[in-house]
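J.: pasting a predicted model and its sequence here:
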Number of protein chains: 2
Amino acid sequence: MGTEERGRLYIVGIGPGGREHVTPAALRAIAASEVVVGYTTYIRLIEDIVTGKEVVTTGMTREVQRCTKALEAASSGRTAALICSGDPGIYAMAGLVFELARNRSASGMVPAIEVIPGVPALSASASRLGAPLMHDFAAISLSDRLTPWEEIDRRLHAAAGADFVIVIYNPRSRGRKDHLERAVSIISGYRRADTPVGIVKAATRKDERIIVTALGSVPFEEVDMQSTIIVGNSRTFVWDGRMVTPRGYAGKYEL
Amino acid sequence: MGTEERGRLYIVGIGPGGREHVTPAALRAIAASEVVVGYTTYIRLIEDIVTGKEVVTTGMTREVQRCTKALEAASSGRTAALICSGDPGIYAMAGLVFELARNRSASGMVPAIEVIPGVPALSASASRLGAPLMHDFAAISLSDRLTPWEEIDRRLHAAAGADFVIVIYNPRSRGRKDHLERAVSIISGYRRADTPVGIVKAATRKDERIIVTALGSVPFEEVDMQSTIIVGNSRTFVWDGRMVTPRGYAGKYEL
């Protein structure tokens, strides 16, 4: 790494969107940074605290560009923050930064890298639905932009077959609109049509929208790219509009 | 529900332990509460902000008692906060509160219930290890206190077989010490001995301890009940002491 002063890169999770879910650790990392890099929508959520800093915004799908810019800024000896929504370690930028840093390390400087966790979309969505994640769960992204569909298909079968609660990220993509239909069809091979399903759009933001429905009647047209879907396990029930997965099995504790 | 003034119960996630990971939403909910209920260790983490409130602490395994006390306090028309570490919706108290509330609703008052999400142990642990959760993952608890071991066994096989990154909660329990050995043995039927494994104890707390090891050499004696274990998928690698799961598949994007 050499003996020069290295820069520092914070990979910062700002949580689901609502300002009251941003941790002090995230605010401190942003405050300490001279350069702030992120997708335009996420930067807008924290606009007031990036005033006076160098701000680099990029479009939605420019992940490699975004991470490279953040690494370059920090490699020059400065402190930079790469902003992610939710948690930076779950389907976000943290891994890509380390992949790029590994490649750079052969030929040049790599900054000190610190990941600041945030409240992930799955936690925020679950909190709005009730308590659907109280037992073993699997998180699966339906985006086949970076993963072959056969792999996604295999994981859906495995998770559904072993009665995991299933959290679906990226249920629709710009190009393909039938991914969620296919996923629901696979899961329906293992679970009843009345299995509770929750759809959460823009959790904790002003335009938040919550739908509690059932596997046999998912309103596909209501689901967009930013939605998180949670499919209950065989024991999940709906009470008072909430989706609840029991933690224990019948008789294991006295209620 | 009747027409009387109902109380309010906040089920609050205070994150992994470090104060800078507690969200403003969690602090606000606690500040608004007259009664604060929680496991002694977690209450101690936020001791300074519960001064002057009625504090009800209970032991580790008294979950039903803790949730009942919180529901009773709120049902009497007051505002109460039930404190959970991490996220209250992941292997914590949120589901049990709804189960108990459903039972009570037949005969008596039930307060308004709101879940305040927190940074879960899996996010905090992943951030300390690098970026191990960048692709599909499954969370599995090894505690057979409330779940038959056959069910846990089935999920370990399913998750390992479909190449999920696996997050293990409750790797050891007081009674049984060989759960983690059994889990590692199952996963080893599907993954190479050099698959990266991360062990995180007390993430973000003063006594935090991070171990990056491999599936074939897990130091079982270093793992306690509070540890979170993350087992990489077939593509997870270690670089510069960090555990990284690539987000995309080879050739899917240019680095």
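T.: Done, it's in.
J.: next one: stretch A:114-133 to chain centre, how far?
T.: Centroid separation between stretch A:114-133 and its chain, computed with Cα atoms, centre = their mean, to the nearest Å, is 9 Å.
J.: which of the residues in that stretch are buried?
T.: A:115-133 (16 or more other Cβ atoms under 10 Å in any protein chain shown). Every residue, glycine included, has its C-beta placed from N, CA and C.
J.: just these: which are in strands?
T.: A:V115, A:I116, A:G130, A:A131 (DSSP state E).
J.: so what's the first one up against?
T.: Contacts of A:V115 were listed using Cβ atoms under 8 Å, 6 or more residues apart in numbering or on different chains, and they are A:Y10, A:I11, A:G13, A:P88, A:G89, A:A94, B:A126, B:S127, B:R128, B:G130, B:A131.
J.: of all pairs in those, which one is the farthest apart?
T.: Within the contacts of A:V115, A:Y10 and B:A126 form the most distant pair, 15.4 Å apart (Cβ to Cβ).
J.: A:Y10 bridge partners, please.
T.: A:A81, A:E114 (DSSP bridges).
J.: surely it is in contact with A:C84?
T.: No: look at A:Y10 against A:C84 with Cβ atoms under 8 Å: they stay out of range, at 10.5 Å.
J.: list the buried residues of the helix or strand where A:R44 lies.
T.: A:R44 belongs to helix A:40-45 when elements are defined using DSSP states H and E. For helix A:40-45, the neighbour count (16+ other Cβ under 10 Å) marks A:Y42, A:I43, A:L45 as buried.
J.: from these, pick the one nearest A:S75.
T.: Among the buried residues of helix A:40-45, A:I43 lies closest to A:S75 (Cβ to Cβ), at 21.1 Å.
J.: tell me how many other residues crowd the nearest residue to that closest one once chain neighbours are set aside.
T.: Nearest residue to A:I43, sequence neighbours excluded (Cβ to Cβ, 6 or more residues apart in numbering or on different chains): A:T57, at 5.4 Å. Burial of A:T57 is recorded as 17 neighbouring residues (other Cβ atoms under 10 Å in any protein chain shown).
J.: Three-state assignment for A:T57, please.
T.: The assignment at A:T57 comes out as strand when based on DSSP: H, G, I helix; E, B strand; the rest coil.
J.: contacting residues around it?
T.: A:V37, A:G38, A:Y39, A:T40, A:I43.
J.: where along the stretch 1-150 of chain A do the strands fall?
T.: Assigned by DSSP state E, counting those that start in this stretch, the stretch 1-150 of chain A shows strands spanning A:8-13, A:35-39, A:54-58, A:79-84, A:112-116, A:130-131, A:137-141.
J.: deepest in the core, which of these is it.
T.: Ranked by mean neighbour count, the strands of the stretch 1-150 of chain A are led by strand A:130-131 with a mean of 30 (mean count of other Cβ atoms under 10 Å in any protein chain shown).
J.: what's that strand packed up against?
T.: Counting contacts by 3 or more Cβ pairs under 8 Å, 6 or more residues apart in numbering or on different chains; DSSP states H and E, strand A:130-131 is packed against strand A:242-244, helix B:94-105.
J.: which one, of those, ends up nearest to B:E181?
T.: Ranking these by proximity to B:E181 (Cβ to Cβ) places helix B:94-105 first, at 28.6 Å.
J.: tell me which other helices or strands the closest one touches.
T.: Applying 3+ Cβ pairs under 8 Å, 6+ apart, we find helix B:94-105 packed against strand A:130-131, strand A:237-239, strand A:242-244, strand B:8-13, helix B:63-75, strand B:112-116.
J.: that helix to strand B:112-116, inter-axis angle?
T.: Here helix B:94-105 points in a direction 180 degrees away from that of strand B:112-116 (axes from the mean of the first three to the mean of the last three Cα atoms, to 10 degrees).
J.: burial count for the closest residue to A:A193 other than its chain neighbours?
T.: Leaving aside its sequence neighbours, A:A193 sits nearest to A:G216 (Cβ to Cβ, 6+ apart; 2.9 Å). Residue neighbour count, defined by other Cβ under 10 Å, stands at 13 for A:G216.
J.: just checking, A:G216 touches A:R191?
T.: No: applying Cβ under 8 Å, one finds A:G216 not in contact with A:R191, separated by 9.6 Å.
J.: could you check how far A:H21 is from B:A162?
T.: Here the criterion is Cβ to Cβ, to the nearest Å. By it, A:H21 lies 31 Å from B:A162.
J.: same question for A:L156.
T.: 9 Å.
J.: who's more crowded, the two?
T.: Between A:L156 and B:A162, A:L156 has the larger neighbour count (other Cβ under 10 Å), namely 26 against 23.
J.: check which helix or strand the more buried one maps to.
T.: helix A:149-161.
J.: now do the helix or strand following that helix: distance to the chain's middle.
T.: Counting by DSSP H and E, the element after helix A:149-161 in chain order, helix or strand, is strand A:165-169. The chain centroid and the centroid of strand A:165-169 are separated by 11 Å, computed with Cα atoms, centre = their mean.
J.: same question for stretch A:67-75.
T.: 22 Å.
J.: pLDDT of that stretch, averaged?
T.: The average pLDDT for stretch A:67-75 rounds to 94.
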